[in-house]
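Give me coordinates for this.
(one chain, ligands or ions: 1)
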Amino acid sequence: MEYSNFFDDLKSNIIGQYEECKAYRILCESQGYNPSEHLRSEKDITNIPFLATTLFKKSANLFLSLLRVEPDKLDKWTLSSSTSGDPSMVGRRNSDLMQIRKFVLMDDKFYDSASEYNCVFYPEPKVMREYKSVRIMDKPTESYIGNLLGIFDFSENTTFLLKSCGEGFSVDMNSFEEFLKFNNERNNHLSLRGSTLLLYNAVLELKKQGKGPYNLGSRAIVHTGGGGWDGKKGNISIGTKIERYQFVEEISEFLGIPQKNFRDTYSFTENTFPMDGHYSEKLRSYLFHVPTWGRVIIRDVKTLEPLNKPGDRGLVQVLNAYGTSSFAGASILVDDIAEIVANDSCPECKHEGMTFKIVGRVKGSEAKGCGATLDVRGKQK
Ligand SMILES: [Zn+2]
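Now for the predicted structure:
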């Protein structure tokens, strides 16, 4: 089976990154780490030095140093959505983007891309990809959402609800309402996808206008991604945090979609493998699965030591064996805080592998603390 030799593939990716990315090699050397010597078996993976996502921020000015290839070999720069105007910048080649696509295709049961009617809280892929694109070192910038929209197979019957409006976008509320009316009480196979904040806002707006409720039925799914639970995402802000259970419970009730049909994808700009999550009514949160082609390590926020007991909470580190040929993305620490739900299999759907939920994010100052210096891990044991 493809991806069945995760450890060997990870090892060669780490060694490749060590050899091709000078900044990563300096980090390793400062910790006395040489992957060819120290990475012998899967149990050694917690010792792999990691780069914090803060180092990929434009303001850190290291994005060129974090490449594994010359900039002229890149196809584009992927930019994170940024509230502060300081996005992450990740240089990618098309082959690395195609790897994300392969992972998405392997999880098609989860993404349910064949649903007959689709309503997406994003602009059309081409519009999103070109939105505010500039050239850096002669390569175009593109948002991470643009990357993902560009590789996802949307079925023919898809309505993209975000329309260009001045400098930004606005939600086409008429089309949204028509979609709901058309599908009401018909139990059609359909999906609502995209931005959590925009979907939530649109539903609030309809409620305020005294519209609905609707009954879309058991074949409808709500698939969100890209976070925004703190009430902010890029230039969208609703000024208040949304609890995940609040989002699911309110929307489930208003649209008549079972809570178990709510899904969320966890990933971030510097990562390659998307992680699928389904809502748990019992835990009132999304449970995310780590696929066999990736690994996640949860680290104590203060000591950065790896944690492993269910209930332990800490920062998320991802290990990528695939799809980071152009940048130093093999071992990344992100400022989200996750709680380990189970190490071996999902307690609800029995999906094999680690299961976690996202419980928050490190506050700005703390996050800076863990990414400010390259030598973030202290001495190698
Ligand atoms: Zn599960």
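
and residue 194, how many neighbours?
25 (other CB atoms under 10 Å). C-betas here are computed from N, CA, C, even on glycine.

Oops, could you answer that again for residue 240 instead?
8.

quick one: stretch 271-288 to chain centroid distance?
Centre-to-centre, stretch 271-288 and its host chain are 11 Å apart (CA atoms, centre = their mean, to the nearest Å).

what's the answer for stretch 160-170, then?
Using CA atoms, centre = their mean, the offset of stretch 160-170 from its chain centre is 23 Å.

what's the answer for stretch 119-132, then?
A distance of 17 Å separates the centroid of the chain from that of stretch 119-132, by CA atoms, centre = their mean.

quick one: average pLDDT of that stretch?
Mean per-residue pLDDT for stretch 119-132: 94.

Find the residue closest to residue 107 in space, skipping its chain neighbours.
residue 276 (5.8 Å; CB to CB, 6 or more residues apart in numbering).

wait, that neighbour sits on residue 106?
No. Residue 276 is beyond contact range of residue 106, at 10.5 Å (criterion: CB atoms under 8 Å).

out of these two, which sits in the more crowded spot?
Neighbour tally, residue 276 and residue 106, criterion other CB under 10 Å: the higher count belongs to residue 276, 22 against 16.

Show me what the helix or strand the more buried one falls within is in contact with.
Residue 276 is located in strand 275-280, with elements delineated by DSSP states H and E. With contacts defined as CB atoms under 8 Å, 6 or more residues apart in numbering, strand 275-280 is touched by 107, 110, 244, 248, 259-260, 262-267, 285-291, 294, 296, 348-349, 357.

so what strands line up beside it?
Strand 275-280 sits in its sheet next to strand 262-266 (antiparallel), strand 285-289 (antiparallel), going by DSSP bridges.

Give me every residue in this protein lying close to the ion.
Counting by CB under 5 Å from the ion, the residues of the chain close to the ion are 287, 346, 348-349, 351.

Near the residue lying closest to residue 62 once chain neighbours are set aside, how many other residues are there?
Spatial nearest neighbour of residue 62, excluding adjacent residues (CB to CB, 6+ apart): residue 55 at 5.4 Å. Per other CB under 10 Å, the neighbour tally for residue 55 reads 25.

do residue 181 as well
Counted with other CB under 10 Å, residues neighbouring residue 181 total 12.

tell me which element it falls in.
helix 173-183.

buried set for that helix?
Within helix 173-183, the residues that count as buried by 16 or more other CB atoms under 10 Å are 176-177, 179-180, 183.

Tell me which stretches of the stretch 51-200 of the chain form strands.
51-52, 76-79, 89-92, 117-121, 135-136, 139-143, 158-160, 162-165, 168-171, 190-195 (DSSP state E, counting those that start in this stretch).

relative to strand 190-195, how tilted is the fourth one?
Which is strand 117-121. Per axes from the mean of the first three to the mean of the last three CA atoms, to 10 degrees, the angle that strand 117-121 makes with strand 190-195 is 10 degrees.

relative to helix 173-183, how tilted is strand 117-121?
Going by the same axes, to 10 degrees, strand 117-121 is angled at 150 degrees with respect to helix 173-183.
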